[in-house]
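A.B. asks: from the sequence below, what's the structure:
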Amino acid sequence: MSDFEPQTANGKVLWHFTMSLDGFVTGPDHDMDWMSTGISERPGFIEQYVETTGAVLGDRRGWDRFPDAGNIYGEAWTGQVFVLTHHPEDAEPAERVTFLDCDVAEAVRIALAAAGGKNVEVLSADIGRQLLDRGLIDEIDLHIAPVLLGDGVRLYDHAGGRAVYLHRVGADDPIAEVDVRYRPAAA
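C.D. replies: Below you'll find the predicted structure:
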């Protein structure tokens, strides 16, 4: 069962993550092994993002932890990856990866130009937060995994920040809460 509308490619800045039920997008030390253990994938899930994504924007911390991240969505996706860093000079070069040292708004402008009318996926919690604060996120696309991590990198961590209210895309009532029900899985 899903009320999730298929993703469209219309030049959006899309903050896209799978996160744990307790709000983490990675475990401690950027661990992502939890994503490959016991989480099912909807048919056509990857294909819709391959078709609609023109460029990806990430951060150096994620790149250093996963230097093969230029291979996002496997061999099927061949777009440009932009990695925002204060030290592009010491980054390991990779095919289809451009290291940028600029303001996040400029990084989005560059990525949108490269995306050729398709979406720019933001795959960084920190960059996503900065873009959201500046009004530069068009949509937040979350997939909630049935796992509790307890620690790691939160999707939105903004100490002392203000509440950010959202409207749910495709919902009859866009401000209604989302109801989720799980039971602990047997070990």
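A.B. asks: just the CA coordinates of the least confident helix or strand in the chain by mean pLDDT, formatted as PDB?
C.D. replies: Using mean pLDDT, DSSP states H and E, the weakest-scoring helix or strand in the chain turns out to be helix 60-65, at a mean of 82. Taking C-alpha atoms only, helix 60-65 is exported to PDB below (Å, rounded to 0.1, in the frame of the first residue of the first chain):
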ATOM      1  CA  ARG A  60      32.700  15.800   1.200                       C
ATOM      2  CA  ARG A  61      32.000  13.900   4.400                       C
ATOM      3  CA  GLY A  62      29.700  11.400   2.600                       C
ATOM      4  CA  TRP A  63      32.100  11.300  -0.400                       C
ATOM      5  CA  ASP A  64      35.100  10.400   1.700                       C
ATOM      6  CA  ARG A  65      33.100   7.600   3.400                       C
END
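A.B. asks: in this structure, which spans are strands?
C.D. replies: 13-20, 24-26, 53-59, 80-84, 97-100, 119-122, 139-145, 153-154 (DSSP state E).
A.B. asks: residues in contact with the first one?
C.D. replies: Spelled out, that is strand 13-20. Strand 13-20 is contacted from outside by 7, 25, 34-35, 39, 49, 53, 108, 112, 119-123, 125, 128, 131-132, 136-145, 147-149, 152, 155, using CB atoms under 8 Å, 6 or more residues apart in numbering. C-beta here means a position set from N, CA and C on the backbone, and glycine is covered the same way.
A.B. asks: run me through the strand neighbours of it, direction for each.
C.D. replies: strand 119-122 (parallel), strand 139-145 (parallel) (DSSP bridges).
A.B. asks: nearest to Phe66, out of those?
C.D. replies: For Phe66, the closest of those is strand 119-122, at 14.7 Å, according to CB to CB.
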